[in-house]
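**Student:** sequence first, predicted model second:
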There are 2 protein chains.
Amino acid sequence: MKKASIKDVAKLAGVSIATVSQIINNKTERFSDETIHKVINARNELGYIPNIAAKRLKGGTSPLIGVLIPSFRMPFFADLIQSMQVDGPENVDLVFMGANEDNLEASIYSLIERGADALIFGRPIPEHQKMIEFLTKRNIPFLSLDQSADLDAKDQVMVREWQGGKMAARHLMELGHKKITLLMAEQMTDNMHQREAGFISALYYEGIEPIDNVKTQLSKHGGLVAAEKIMATGATAVFTLNDEIAVGLIRGLYEHGVNVPKDVSVVGYDDTDYAEFFVPALTTVRQPVQQIGIDALNMIIKRLRDPDLPQQNDTLELKLIVRESTGVPRSDN
Amino acid sequence: MKKASIKDVAKLAGVSIATVSQIINNKTERFSDETIHKVINARNELGYIPNIAAKRLKGGTSPLIGVLIPSFRMPFFADLIQSMQVDGPENVDLVFMGANEDNLEASIYSLIERGADALIFGRPIPEHQKMIEFLTKRNIPFLSLDQSADLDAKDQVMVREWQGGKMAARHLMELGHKKITLLMAEQMTDNMHQREAGFISALYYEGIEPIDNVKTQLSKHGGLVAAEKIMATGATAVFTLNDEIAVGLIRGLYEHGVNVPKDVSVVGYDDTDYAEFFVPALTTVRQPVQQIGIDALNMIIKRLRDPDLPQQNDTLELKLIVRESTGVPRSDN
């Protein structure tokens, strides 16, 4: 048995296709109650759903917005898309894709082919010039979250990454740390570099030179395996690129008998929902993840309504959350 | 500027719509190279993408499978859908929805309206009779993961939850625990009840009666606030419904000065990707999350190809992963 078509509904109701179309689209003024009932009954009987393309032409459907993130497994992004879905505007449909470099292009084409009206990029796009041309040609507006500021999108939601790095540095210096290092990722996006630069410049401002800048993989495992390198720096405090790396690092230090915060203080970034539950609970820079999601959706909706709107830019504030993973330097320092 | 239509392509190429349609669908035999080039160039120039409904009719498109989960924030489900996307079959398109009770029905209708060919339910559906009728009428096959065994779907991917509970109980008894309690959720799905029952029956089999069965909210916070109740039971070991509750509980016990595993042993369930990074690393029952995702996709693809296939059932094995959160009972017991 095939899916029912509008033709099937018309046949069963004994009316024309045009009549079915109008009644289903709530243009019932011209029809008798009897005709309306016949059509509605036939539709229910057959389980007919008008296809989206047809509804779109009549302006009856919410826009479909595709959201691309690097991975569903990264808690920051899981948090982001959950916020979009639960707290975002009601008059949009959302579709989420966790795209790695291998399937990125295919994911984008598939989203467009499926009828996505606009895209939100939560991950960097390599060779983005080609992608921008592709989207521009098709009049698909796109917005970038700060993870992909290098996309040069018309509209952007950013956070003050520089300030975030600075807050972390100041906190550690106020605790009395002087031997400070960074644990960053091997592949850094534009906003991550700002995070790092804000941290380093705040240290220099107080005459402190960071000991080293260890690079690792952007994951909990990456943090874990970097523990030895961090220990080798002799630092009493570490600023990590995100909470995942921080958590892995704390675990790695623990396995080497190094206590956080007694021996080494660790500051994370993001404030993902695990941060407060760890032992020790993470001191971290909180991202306004819910606001990022909602602002991005509202912005892209405005853009869809008015493609000629001037560039929209939104820059959100970060907040340092002090918990247990940072403390005064150990007494021999 | 509007999106380009097939009509626009035909006009620019100076050929008929039927010609464009055939060439774009790779039926080029009847046409000269010159005509083919004209059409391809016109398509590229205008950025025309055939709409999905039209392509579907010609059988040219991968099926679209909608996957419903309770929340993107739950690591088990984040893991599941990431596995589906990265390791699943290539010839399907996936769309994920994190649906709570409020937006569940709307999410399902929206998925179908958007052209979903089949659904995978990773969460229970209240009033599922109505939903089943709705889907059956529209010939939309659906499959349930064991989180929603109560759906009575034709096809199911389950895990041996009973065995999982039993493994956890045996492990604690082998360590010498006799004062054992459970920390379950206020709202339990069918498979969660099996998990619990397997645990309890294994205790009874050895003549041990569980001290109590504390209920809490299905979240890290739920685990945290249950710590006092668990302490009041006097138990030396706790089996928790999942890793999230376990992590919250360990944090809550820590805040009351209770050490895991010295004072109390804790067993989680799922083996989410944080489990090994916690301090203490979680002893937990590992779900074959990747296999669940891949099997579900393969099964639903078979069902789409052959709606009359007999019921498909897949039952996967669990594995106990012993780490640091369990140990021998404290010496006064």
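**Tutor:** Alright, I've got the coordinates. A quick note: this is a predicted structure, and the numbers were derived from the prediction, not measured.
**Student:** for residue A:65, phi and psi?
**Tutor:** phi -110, psi 120 (degrees, to the nearest 10).
**Student:** neighbours around it, how many?
**Tutor:** By other C-beta atoms under 10 Å in any protein chain shown, 26 other residues sit near residue A:65. Where C-beta positions appear, they are placed from N, C-alpha and C, glycine not excepted.
**Student:** is it true that it touches residue A:297?
**Tutor:** Yes - with contact defined as C-beta atoms under 8 Å, residue A:65 counts as touching residue A:297 (6.9 Å).
**Student:** ranges for the helices of the stretch 201-333 of chain A?
**Tutor:** A:220-225, A:227-233, A:243-255, A:289-305 (DSSP state H, counting those that start in this stretch).
**Student:** from the chain's centre, how far out does the third one sit?
**Tutor:** Relative to the centre of its chain, helix A:243-255 is centred 23 Å away, using C-alpha atoms, centre = their mean, to the nearest Å.
**Student:** and for the shortest one?
**Tutor:** With C-alpha atoms, centre = their mean as the basis, helix A:220-225 stands 22 Å off its chain's centre.
**Student:** for the last one, same thing?
**Tutor:** Here helix A:289-305 shows a centroid-to-chain-centroid distance of 12 Å under the convention C-alpha atoms, centre = their mean.
**Student:** and it, anywhere near chain B?
**Tutor:** No - Helix A:289-305 is not in contact with chain B by C-beta under 8 Å from any C-beta of the partner chain; minimum separation 10.6 Å.
**Student:** still on that earlier bit, which residues are common contacts for residue A:65 and residue A:297?
**Tutor:** A:92, A:94, A:120 (C-beta atoms under 8 Å, 6 or more residues apart in numbering or on different chains).
**Student:** and the residues you listed, which is closest to chain B?
**Tutor:** residue A:94 (8.3 Å; C-beta to the nearest C-beta).
**Student:** what residues are bridge-paired with that closest one?
**Tutor:** Judged by DSSP bridges, the bridge partners of residue A:94 are residue A:65.
**Student:** I'd say it and residue A:83 touch.
**Tutor:** No - judged on C-beta under 8 Å, residue A:94 makes no contact with residue A:83 at a distance of 11.1 Å.
**Student:** between those two, tell me which one has more neighbours.
**Tutor:** Neighbour count, other C-beta under 10 Å: between residue A:94 and residue A:83, residue A:94 has more, with 25 against 20.
**Student:** which residues does the more buried one contact?
**Tutor:** Contacts for residue A:94 (C-beta under 8 Å, 6+ apart) come out as A:64-67, A:81, A:84-85, A:88, A:297.
**Student:** what about dumping the CA coordinates of stretch A:290-310 to CSV?
**Tutor:** What follows is stretch A:290-310, C-alpha atoms only, in CSV (Å, rounded to 0.1, in the frame of the first residue of the first chain):
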residue,chain,number,x,y,z
GLN,A,290,21.1,28.9,26.2
GLN,A,291,21.3,32.5,25.1
ILE,A,292,23.6,31.6,22.2
GLY,A,293,21.0,29.1,20.9
ILE,A,294,18.0,31.4,21.2
ASP,A,295,19.7,34.5,19.8
ALA,A,296,21.0,32.5,16.8
LEU,A,297,17.5,31.2,16.0
ASN,A,298,15.9,34.6,16.4
MET,A,299,18.5,36.2,14.2
ILE,A,300,18.2,33.7,11.4
ILE,A,301,14.4,34.0,11.4
LYS,A,302,14.8,37.8,11.0
ARG,A,303,17.2,37.2,8.1
LEU,A,304,14.7,34.8,6.4
ARG,A,305,12.0,37.5,6.7
ASP,A,306,14.2,40.2,5.4
PRO,A,307,17.3,39.1,3.3
ASP,A,308,18.4,42.7,3.0
LEU,A,309,18.6,43.4,6.7
PRO,A,310,22.0,44.9,7.7
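**Student:** any buried residues in it, and which?
**Tutor:** Across stretch A:290-310, burial judged by 16 or more other C-beta atoms under 10 Å in any protein chain shown covers A:290-301, A:303-304.
**Student:** spell out which parts of the stretch 51-200 of chain A neighbour chain B.
**Tutor:** A:51-53, A:55, A:61, A:64, A:71-73, A:75, A:78-79, A:81-82, A:85-86, A:93, A:95-98, A:100, A:103, A:110, A:112-115, A:134, A:137-139.
**Student:** just the ones of those in strands?
**Tutor:** A:64, A:93, A:95-98 (DSSP state E).
**Student:** pull out the buried residues from the residues you listed.
**Tutor:** Buried by 16+ other C-beta under 10 Å: A:64, A:93, A:95-98, out of those.
**Student:** just give the number of residues close to the residue of the stretch 51-200 of chain A found nearest chain B.
**Tutor:** Closest to chain B within the stretch 51-200 of chain A is residue A:137: 3.4 Å, counting by C-beta to the nearest C-beta. Using other C-beta under 10 Å, residue A:137 has 16 neighbouring residues.
**Student:** pretty sure residue A:46 contacts residue A:9?
**Tutor:** Yes - counting by C-beta under 8 Å, residue A:46 does reach residue A:9; the two are 5.9 Å apart.
**Student:** compare neighbour counts for these two and give me the winner.
**Tutor:** When residue A:46 and residue A:9 are compared for neighbours, residue A:9 comes out ahead with 28 against 19, by other C-beta under 10 Å.
**Student:** quick check, the strand or helix carrying that one touching chain B?
**Tutor:** In the assignment (DSSP states H and E), residue A:9 maps to helix A:6-13. No - judged by C-beta under 8 Å from any C-beta, helix A:6-13 and chain B are separated, with a smallest distance of 12.1 Å.
**Student:** and what of stretch A:240-247?
**Tutor:** Yes - judged by C-beta under 8 Å from any C-beta, stretch A:240-247 comes into contact with chain B at residue A:247.
**Student:** so what touches that stretch?
**Tutor:** Applying C-beta under 8 Å, 6+ apart, the contact partners of stretch A:240-247 are A:74-76, A:182-185, A:188, A:192, A:195-196, A:216, A:218-220, A:222-223, A:226, A:249, A:266-272, A:274-275, A:278, A:282, A:284, A:325, B:274, B:277.
**Student:** go again with 7 Å.
**Tutor:** A:76, A:183-185, A:192, A:216, A:218-220, A:222-223, A:249, A:266-272, A:275, A:278, A:282, A:284, B:277 (C-beta atoms under 7 Å, 6 or more residues apart in numbering or on different chains).
**Student:** so, low pLDDT: which residues of the stretch 51-200 of chain A?
**Tutor:** Residues of the stretch 51-200 of chain A that meet the criterion pLDDT under 70 lie in A:51-61, A:147-152.
**Student:** what is the burial count for residue A:313?
**Tutor:** Quick note: residue A:313 (other C-beta under 10 Å) scores 11 neighbours.
**Student:** pretty sure it sits against residue A:154.
**Tutor:** No - using C-beta atoms under 7 Å as the test, residue A:313 is too far from residue A:154 to be in contact (9.7 Å).
**Student:** what about the stretch 201-333 of chain A, any weak spots by pLDDT?
**Tutor:** A:333.
**Student:** domain ranges for chain A?
**Tutor:** A:6-57, A:64-159+A:289-316, A:161-287 (automatic domain parsing).
**Student:** just name the most buried of the ones you listed.
**Tutor:** A comparison of these by mean neighbour count, using mean count of other C-beta atoms under 10 Å in any protein chain shown, puts domain A:161-287 on top with a mean of 21.
**Student:** quick one: end-to-end length of it, please.
**Tutor:** 9 Å (C-alpha to C-alpha, to the nearest Å).
**Student:** spit out the contact partners of the nearest residue to residue A:271 once chain neighbours are set aside.
**Tutor:** With C-beta to C-beta, 6 or more residues apart in numbering or on different chains as the criterion, residue A:271 has its nearest non-adjacent residue at 3.7 Å, and that residue is residue A:286. When contacts are counted by C-beta under 7 Å, 6+ apart, residue A:286 is found next to A:271, A:318-319, A:321.
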